[in-house]
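Asks: Provided below are the primary sequence and the corresponding predicted coordinates.
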Amino acid sequence: MKQRSKGLIAAMVSSATFGMIPLFSIPAQNAGMDTPSVIVYRFLVAALVIFIVMKYYKQDLSITLGHFWRISLLALINIISAITLLEGYKCLSSGAATTIQFSYPIFTCVIMMLFFGERPTVRTVLAISLAVLGVVFLSGVIDEGVENVSLKGVALELFSGLTYAIYLILVPKMKLDDLESSKLTFWVFALSFVYMTLFTFTQGGVAAPPTVGVGVSLVMLGLIPTAISNLTLVIGLRAVGSTLTSILGALEPLTAMLFSVFWFKEPFTALIAVGFVCIVVSVTLLILPDSKKEGSEPA
């Protein structure tokens with residue numbers, strides 16, 4: 001029972017902290033920092049924190065060349081998902097943006113049906129329909145009219161969800177089962193940092209934080225919603241399984257929405273509330289059928 005309680009708490013901490021990405025990234029963006037530079041600091045801090053934790057527990061960091069190329073692909077997909085998530089914050093309220101990105105389980109389901117032969121069920125169709133309806137409500141199409149809606153922002157967040165879904169599908173299919181979750185996560189973050197840094201050189205280099213406050217936000221971005229979120233995710237998956245951990249993942253958009261409304265003073269309308277509920281319910285519907293098949297999965 002103690003282990004289960006620990007796992008539930010860890011899963012809640014993981015999802016809630018991941019929902020704090022806008023809390024630490026938006027101040028840096030508002031201060032004029034470009035998205036690639038923000039992401040460089042995010043993955044640098046996260047990789048360093050996980051490196052320290054692994055060294056403390058005397059875990060091996062070595063990987064093979066085969067591991068390197070596979071993890072490189074995961075890192076590139078991870079970068080794309082991170083960039084589009086942050087770019088979407090420039091077009092939509094952070095709460096709505098994070099909730100739309102939270103539709104990644106829907107994309108996972110659709111991809112598995114299209115490319116891996118999974119059969120659609122009534123529950124699946126209902127979940128997808130609810131997710132689409134939720135995106136419509138959150139985008140503002142009904143409230144403001146299509147001409148006033150940031151279709152770019154909606155597209156960015158949907159693409160972020162799509163790429164994250166691809167990431168989750170590829171992890172168990174890329175022959176990386178011999179790697180501990182913490183080792184895999186470290187190398188994904190480390191290579192994401194390296195590749196993102198190389199990319200910034202084509203854009204003038206990594207921008208320095210303009211103020212101490214922004215620097216603190218960047219450290220917190222890498223520490224709380226990246227390193228801590230992923231480390232606690234592993235604990236949650238191992239203690240209570242993927243189903244409960246995924247259901248508790250609903251705290252992610254909830255946290256983002258709360259900060260959006262109470263910290264950034266962004267609007268919260270009845271339609272946004274309905275859209276939020278639609279997406280959370282749709283994701284829950286997809287997860288519940290697997291309740292008898294709980295298991296662990298890589299972070």
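Replies: Looks like it came in fine. Computed from a predicted model, the values in this text were never measured in an experiment.
Asks: Just the strands from this structure, written as ranges.
Replies: Taking DSSP state E, the chain contains no strands at all.
Asks: Give the residue spans of it that score low on pLDDT.
Replies: Within the chain, the segments meeting pLDDT under 70 span 1, 140-149, 241-244, 246-247, 289-299.
Asks: Tell me where the longest helix sits in it.
Replies: Longest helix of the chain, by residue count under DSSP state H: helix 65-88.
Asks: which parts of it are buried?
Replies: Going by neighbour count (16 or more other Cβ atoms under 10 Å), the buried part of helix 65-88 is 67, 70-72, 74-88. Backbone N, C-alpha and C define where each C-beta goes, glycine included.
Asks: go on, stretch 267-286?
Replies: If you call a residue buried by 16+ other Cβ under 10 Å, then stretch 267-286 has these buried ones: 268, 271-272, 275-276, 278-286.
Asks: Among the residues you listed, which one sits closest to Leu133?
Replies: Minimum separation from Leu133 among the buried residues of stretch 267-286 (Cβ to Cβ) is found for Cys278, which lies at 5.1 Å.
Asks: separation between the closest one and Ile39?
Replies: Between Cys278 and Ile39 the distance is 29 Å, computed by Cβ to Cβ, to the nearest Å.
Asks: distance of Cys278 from Met174?
Replies: Distance, Cys278 to Met174, by Cβ to Cβ: 33 Å.
Asks: Which stretches in the stretch 51-200 of the chain count as helices?
Replies: For the stretch 51-200 of the chain, the helices defined by DSSP state H, counting those that start in this stretch occupy 65-88, 94-101, 104-115, 122-139, 141-144, 151-170, 181-201.
Asks: quick one: which of those is nearest Leu233?
Replies: helix 181-201 (8.4 Å).
Asks: and the closest one with helix 151-170, angle?
Replies: Inter-element angle recorded for helix 181-201 and helix 151-170: 140 degrees (by axes from the mean of the first three to the mean of the last three Cα atoms, to 10 degrees).
Asks: Report the angle between helix 181-201 and helix 65-88.
Replies: 60 degrees.
Asks: Can you tell me what sits against helix 181-201?
Replies: When contacts are defined by Cβ atoms under 8 Å, 6 or more residues apart in numbering, helix 181-201 is touched by residues 36-37, 39-40, 43-44, 46-47, 50-51, 53-54, 59-61, 63, 67-68, 71-72, 74-76, 78-79, 82, 171, 176, 179, 206-207, 226-227, 230-231, 234, 237, 298-299.
Asks: residue contacts, Ala131?
Replies: Ala131 is in contact with 103, 106, 278-279, 282-283, counting by Cβ under 8 Å, 6+ apart.
Asks: Switch the residues you listed over to TSV, and while doing so, append distance to Ala10 to every line.
Replies: Formatted as TSV, those follow (distance: Cβ to Cβ, whole Å):
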residue	distance to Ala10
Ser103	24
Ile106	25
Cys278	28
Ile279	24
Ser282	25
Val283	20
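Asks: and the two most separated of those?
Replies: Ile106 and Cys278 (11.1 Å).
Asks: Would you mind confirming that Gly134 is in contact with Cys278?
Replies: Yes: between Gly134 and Cys278 there is a contact at 3.2 Å, judged by Cβ atoms under 8 Å.
Asks: ok, the nearest residue to Arg70 once chain neighbours are set aside to Phe186 distance?
Replies: Spatial nearest neighbour of Arg70, chain neighbours left out: Met174 (4.6 Å); criterion: Cβ to Cβ, 6 or more residues apart in numbering. Using Cβ to Cβ, we find Met174 at a distance of 16 Å from Phe186.
Asks: neighbour count winner among these two?
Replies: Using other Cβ atoms under 10 Å, the more surrounded residue of Met174 and Phe186 is Phe186, with 26 against 17.
Asks: How much space separates that one from Ala270?
Replies: Phe186 is 43 Å from Ala270, by Cβ to Cβ.
Asks: and the nearest residue to Thr98 once chain neighbours are set aside, how many neighbours does it have?
Replies: Nearest residue to Thr98, sequence neighbours excluded (Cβ to Cβ, 6+ apart): Ala256, at 3.5 Å. Ala256 has 29 neighbouring residues, counting by other Cβ under 10 Å.
Asks: pretty sure Ala256 is touching Leu92, no?
Replies: No: Ala256 is not in contact with Leu92 according to Cβ under 8 Å; the separation is 11.1 Å.
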